[in-house]
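**Q** Quick one, fold the following:
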Amino acid sequence: MPVRVVTSKGFSTTVVEGRGTELSEGGMVLYAGILLNPGDLLEIEFDTPAPSRLPAIVRSRNGFCFGLEFITPLPA
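**A** As a prediction, this is how the structure comes out:
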C-alpha cells in the first residue's frame, strides 16, 4: 500500500513516498528511499479519504527496508 513517510529534525521536515507491507495493529514493513536507523521516530501517513498519520519508531533496517512499530496501535 502506498504511504508517506514524514520525518522531522529540528526545524526541517522531510516527506518521502514509500510502500507499506505486512500491516498489523502493532506495526508494518516499510520500503522507502530514505536513510533511517533503528530508534528513529517518524510518522506514517496513509492515503485514505481522510489522511491520517500514525507515529512510529524504526525497530530494524535492511537496506531501504524498515521494520516499524506503531507508537499508538491501530484502532481495532
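
**Q** hey, what's the residue nearest the centre of the chain bridged with?
**A** Centroid-nearest residue in the chain: Ile44, 3.9 Å away (criterion: CA atoms, centre = their mean). Beta-bridge partners for Ile44, by DSSP bridges, are Val5, Leu54.

**Q** Verify the stated contact: it with Val3.
**A** Yes: shown here, Ile44 and Val3 form a contact pair, counting by CB atoms under 8 Å, at 5.3 Å. For the C-beta atoms, the positions are set from N, CA and C on the backbone; glycine is no exception.

**Q** Which pLDDT value goes with Ala76?
**A** Per-residue pLDDT puts Ala76 at 52.

**Q** now swap in Leu23 and tell me
**A** pLDDT at Leu23 comes out at 87.

**Q** State the distance from it to Ala56.
**A** Here Leu23 is placed at a distance of 12 Å from Ala56 (CB to CB, to the nearest Å).

**Q** got it, and Lys9?
**A** 16 Å.

**Q** who touches both of Ile44 and Val3?
**A** Overlap between the contact sets of Ile44 and Val3, as judged by CB atoms under 8 Å, 6 or more residues apart in numbering, is given by 20, 30.

**Q** so Arg53 makes contact with Glu43?
**A** Yes: with contact defined as CB under 8 Å, Arg53 reaches Glu43; the gap is 4.4 Å.
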